[in-house]
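*Asks:* Have a look at this prediction, sequence included:
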Amino acid sequence: ESGWPSPQLREIEMKKGSARWNTLYIQTLVAVRRLYHCARLIHGDLSEYNILVCPRWQVKHGPLEREEGDEDLQVVLIDFGQAVEITHPAAVDYLRRDLSTVTQFFANQAIDTLTVPIAEEFVVEARREETRDVNYDYSCGEEMEEESKKSGNWRSIAETWNEKIDMEVLVAKLELMKK
């Protein structure tokens, strides 16, 4: 805004353990999941250097008329020079490395994080349908995603993606980790 770039995640100064760090962590994992399912990509070099933080209104689609909550911080992934398709032979290794780097950064901010294997499971599990039930059977979403892959129209998934559901599921997984 006004010629100033959004800060990198590493440049954000907040109290360790704050709820805002937790929100940024959740947004980051949801963004990695969306990248995986909607663009069928693994970042390959994800770290606190390639995650920007800005007000939500700056990344909102559509008119830039501000609404309630638009000043909330939002993560934005950048620098896809090393990104690979999810079918790349080393894609799983790159995903694990990305998740390990992200997990370590946020753990250093004194918040609860998922283990890398659980974070990986969250990222790759089938697309969820419109439901608030975190115990939902995802088989229907999996069938829809498979159909999108077969038809070559997998990018249409992005149009109906619901990050709120992913955030709810991720919060539930974090709560289970605490127990």
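*Replies:* Yep, that arrived.

*Asks:* And residue 29, which helix or strand is it part of?
*Replies:* In this assignment (DSSP states H and E), residue 29 forms part of helix 19-34.

*Asks:* these two touch, right, residue 49 and residue 8?
*Replies:* Yes: the criterion here is CB atoms under 8 Å, and residue 49 meets it with residue 8 at 5.6 Å. Where C-beta positions appear, they are placed from N, C-alpha and C, glycine not excepted.

*Asks:* quick revisit: C-terminal to the helix holding residue 29, what's the next element?
*Replies:* Heading C-terminal from helix 19-34 (DSSP H and E), you reach strand 41-42.

*Asks:* Now do residue 37: how many residues are near it, please.
*Replies:* 24 (other CB atoms under 10 Å).

*Asks:* cool, and residue 22?
*Replies:* For residue 22, the count of nearby residues is 17 (other CB under 10 Å).

*Asks:* And residue 162, by the same measure?
*Replies:* Using other CB under 10 Å, residue 162 is surrounded by 13 other residues.

*Asks:* tell me the pLDDT at it?
*Replies:* Predicted confidence (pLDDT) for residue 162: 81.

*Asks:* can you give me how far the helix holding residue 29 is from the chain middle?
*Replies:* Remark: helix 19-34 is offset 6 Å from the chain centroid, using CA atoms, centre = their mean, to the nearest Å.

*Asks:* on contacts alone, who are the packing partners of it?
*Replies:* strand 73-77, helix 91-107, helix 116-124, helix 163-178 (3 or more CB pairs under 8 Å, 6 or more residues apart in numbering; DSSP states H and E).

*Asks:* what's the average pLDDT for that helix?
*Replies:* 95.

*Asks:* Provide a list of residues in contact with residue 53.
*Replies:* Residues in contact with residue 53 (CB atoms under 8 Å, 6 or more residues apart in numbering) are 6-9, 12, 24, 73-76.

*Asks:* Which of the three states applies to it?
*Replies:* Using DSSP: H, G, I helix; E, B strand; the rest coil, the structure places residue 53 in strand.
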